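quick one, fold the following:
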Amino acid sequence: MSVRIVYEDIAAGAAEDADVTTGSAQPFAAPGLLPFEGGAPPLTSLEPNQWILDGTREILNEQPVRFWSTAMSGADGQFDVLPGIDIDFDARYTSPGIFLHFDPESGEYCPDVTIQWRRGPSLLAEEKFQVNSTDFFCEKAVEAYDHISLHLHSTNIPYRYAKLSYIAFGISRTFLRDELRNVKITEETSIISSEIAVNTLNFTLDSEEDIDYMFQLKQPVSAYDGSHLIGVFYIDDSTHRAKGLYDLKCIDAVGVLDEDFFPAAMYSGESARGLLEEILGGHFSLELDAALISATISGYWPGGTRREALQQVAFALCAVVDTSGTEAIRVYLDRENTPERFPQERIYTGGTVDTSAIVTAVKITAHSYNTTGSGNETVEVGGQTYYHTSSVVTIENPKATASDKQNVVKVEQATLVNAQNVNAVARHVYGYYTKRERQRVKIVMNNERPGDRSAIPTAWGTVVSGHISRMDITLSGIAAADCEIIGTEVKVTGDPEKRFSGEFYAGEV
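Predicted coordinates for the structure are as follows:
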C-alpha cells in the first residue's frame, strides 16, 4: 500500500471566523457559505449555450448557490464593473495563499483575480493572479491579516456570470513516500479509560517542491496507509533544518484538549452526550456509541484540562476513548465480539508474553454530594457548598491464594462514580485486571487500531486473546506496527500444523 500524509496548510479557525460580505451577488446566492466546502449541483441558466437539456443539470430552485455575480461579462469576457467579495475576521490569520474553487461542472472560472490582504487599515499585500483552472491556488504567503478583498476581472467564457463555490485560506498538500522519512506513529487506548493517552505522529519532510512551508501550530495532518486513515493529528512543533527539509511533531485531538481548561461543575443526571460535546468545545466532532446516547452523568468535576474531564466521564461510563482511524473522537462501549485472527504471514518473529502479578482485589470509591449534611468534607461550586460522603465497593479475586502478595487496585478520586454506577464500574475494572498477559509482537497492519480485539498465536503453540492497547507504527514501504496486547493466554485444540491459519482457532479463543 502507498504511504501518504495529507497536510491541511490552512489557517486554523479562519473559516468559522470569516464574515463574508458583497454587493455583487445575485439575491438567491449565499456568500456567507463560501469558506465551507460544498455547493450546488450543476445548474442551468439563461446564459448563452447554458440551457443544456441532457439531464445533467437542474433548474435553480433553492439549491445552495454560494456566489453568482449580478453582472454578466461581455463579449471579451471582461466585466465593466468588477464583482467583489470582502472577508473580515475578528482574529488575525496567516496562510500561504488563497484557494479558489469555481464551477468545475461547467468548466468556468475567472482568469484574472486580484486579492488584497489587510491588517486593520494597512494594506499588507496585493497581487493579481492568472487563473487557468476551476481549482486554483493563489500562492502568496501573508502573515497576520484580518481582512481579504477579492475582485474578479473576467470569465473564461464570454457572457457569463462569475461563479465561485468555495474559498479556502490555504491549501491541502499531499506528501508521498519519496518525500517522507522516519514516519513514526504511536496510538494507544485504555479499555477502562484509567487514562487517555495522547497519540503522536513524528516525521521528516524532504520536500520535492520549491515551497517554503508555513507549518503552524494545530494545523491538521492526516496519515494514510493506502486509502486507510490511520489517524488525524495536529502540528505541535516544527523545525526547518535545510531547504525543503522539516522535522514535524504532531499530537492528536486528545493532546489538543490537554492544553485547554474545563471549569469545575456539579452534575445531576446530566446528558453524557451533551457533556462530552461541551468538553470537546466545538473543536472536534464526537462519534458516540448508540448505547450511550441516553446515558447520564452525576457527580463532581473539580476542574482541570479538557483531556482530564474526558477521561473522568469515560471512566464513569465504562467507555473507551479513541482517535485512531477517524477524524472524530470516538467514545464507545467495548463488546465481547469475535477477535481478529492473525495468520503467520502477518506476524514477525520474536514476540514475547509477560505475565503480571495477580490482582487480589479491586476497590472502587463511590462519591455523593448533597447541599445538606454535616462534616468537614465539603466542596464549593458556583458559590454553593456541597457535603461529600463516600463508600467503597470491593471485588475480591477468588483465584487469589494465601501465598499471593496483596495487590489491590484502588480507584479513589473518580468523583463521577456514584452509588448508581459504582457496581458496574467495579466489575468493569475487575474484568480488565483479570487479563494478566501482555503480548508484544510486531505485525504487518491491515487496518487494525488500538482497542480492537485480537487473537495472535505465540511461537510456543498458544494464543493471546485480548485487546490491542498500543501500536508503534512505522510507515515505509509497508505499514508495520509493534503492538501490545493485553489479554489472556489460552491453549487451543486446533491442528498444530495449521496454527497460523484461520483453521487453527478452534479451541478456547
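
touching, Lys249 and Ser238? I think so.
Yes - counting by C-beta atoms under 8 Å, Lys249 does reach Ser238; the two are 7.4 Å apart. In this view, the C-beta of every residue, glycine as well, is placed from N, C-alpha and C.

for those two, indicate the residue with more neighbours.
A side-by-side neighbour count of Lys249 and Ser238, using other C-beta atoms under 10 Å, places Ser238 first with 17 against 14.

first to last residue in stretch 173-192, what's the distance?
End-to-end distance of stretch 173-192 (C-alpha to C-alpha, to the nearest Å): 37 Å.

helix, strand, or coil at Glu287?
With DSSP: H, G, I helix; E, B strand; the rest coil as the basis, Glu287 sits in strand.

pretty sure it is touching Val331, no?
Yes - taking contacts as C-beta under 8 Å, Glu287 lies within contact range of Val331: 7.2 Å.

for the two, indicate the residue with more neighbours.
Neighbour tally, Glu287 and Val331, criterion other C-beta under 10 Å: the higher count belongs to Val331, 24 against 14.

what helix or strand is that one located in?
Element membership for Val331, per DSSP states H and E: strand 329-332.

go through that strand and flag the buried ones.
Using 16 or more other C-beta atoms under 10 Å as the test for burial, strand 329-332 gives Ile329, Arg330, Val331, Tyr332.

which residue is nearest the middle of this structure?
Glu327 (3.4 Å; C-alpha atoms, centre = their mean).

what about Thr22, distance to Thr355?
Using C-beta to C-beta, to the nearest Å, Thr22 is found at 68 Å from Thr355.

more neighbours: which of those two?
Thr22 (18 against 9).

please enumerate the strands of the stretch 251-400 of the chain.
261-262, 265-271, 286-288, 296-301, 304-305, 320-322, 329-332, 340-341, 352-355, 361-370, 378-381, 384-396 (DSSP state E, counting those that start in this stretch).

tell me which of the ones you listed is the most buried.
Highest mean neighbour count of the strands of the stretch 251-400 of the chain: strand 320-322, a mean of 24 (counted as mean count of other C-beta atoms under 10 Å).

tell me how far that strand is from the chain's mean position?
Relative to its chain's centre, strand 320-322 lies at 12 Å (C-alpha atoms, centre = their mean, to the nearest Å).

that strand packs against which elements?
Counting contacts by 3 or more C-beta pairs under 8 Å, 6 or more residues apart in numbering; DSSP states H and E, strand 320-322 packs against helix 306-317, strand 329-332.

what sits up against it?
Outside of strand 320-322, the residues within contact range by C-beta atoms under 8 Å, 6 or more residues apart in numbering are 189-191, 193, 196, 254, 310-311, 314, 329-334, 449-451.

can I get the buried part of these as one PyMOL selection?
Per 16+ other C-beta under 10 Å, the buried members of the contacts of strand 320-322 correspond to this PyMOL selection:
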select buried, resi 189+190+191+193+196+254+310+311+314+329+330+331+332+334+449+450+451
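
got CSV for the strands of the stretch 251-400 of the chain, with mean pLDDT and distance to Ile10 too?
Output for the strands of the stretch 251-400 of the chain, formatted as CSV (pLDDT from 0 to 100; distance: least, C-beta to C-beta, whole Å):
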stretch, mean pLDDT, distance to Ile10
strand 261-262, 98, 26
strand 265-271, 98, 33
strand 286-288, 97, 22
strand 296-301, 98, 33
strand 304-305, 98, 26
strand 320-322, 98, 25
strand 329-332, 98, 20
strand 340-341, 86, 36
strand 352-355, 96, 44
strand 361-370, 97, 44
strand 378-381, 95, 39
strand 384-396, 96, 44
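
tell me which of these lies nearest to Asn156.
Across these, Asn156 has its closest neighbour in strand 286-288 (42.0 Å, C-beta to C-beta).

what are the pairing partners of the closest one, and which direction each?
Partner strands and pairing direction for strand 286-288 (DSSP bridges) are strand 329-332 (parallel).

tell me how far the strand it pairs with lies from the chain's centre.
Using C-alpha atoms, centre = their mean, the offset of strand 329-332 from its chain centre is 10 Å.

try stretch 347-361
A distance of 31 Å separates the centroid of the chain from that of stretch 347-361, by C-alpha atoms, centre = their mean.

pLDDT-wise, which helix or strand of the protein ranks last?
Least confident helix or strand of the chain, by mean pLDDT, DSSP states H and E, is strand 340-341 with a mean of 86.

that strand - contacts with which helices or strands?
strand 453-457.

quick one: name whatever helix or strand follows the strand it packs on.
Following strand 453-457 in sequence, per DSSP H and E, is strand 462-475.

that following strand - contacts with which helices or strands?
Here strand 462-475 touches strand 180-188, strand 437-444, strand 453-457, strand 479-491, going by 3+ C-beta pairs under 8 Å, 6+ apart.

confidence score at Trp117?
On pLDDT, Trp117 comes in at 98.

farthest pair in the buried residues of strand 329-332?
Across the buried residues of strand 329-332, the longest distance by C-beta to C-beta is 10.5 Å; it joins Ile329 and Tyr332.

give the residues shared as contacts by these two.
Any residue near both Ile329 and Tyr332 by C-beta under 8 Å, 6+ apart counts here, and that gives Glu287, Asp322.

quick one: end-to-end length of stretch 339-348, please.
19 Å.

ok, and for it, which residues are buried?
Pro339, Arg341, Phe342, Ile347.
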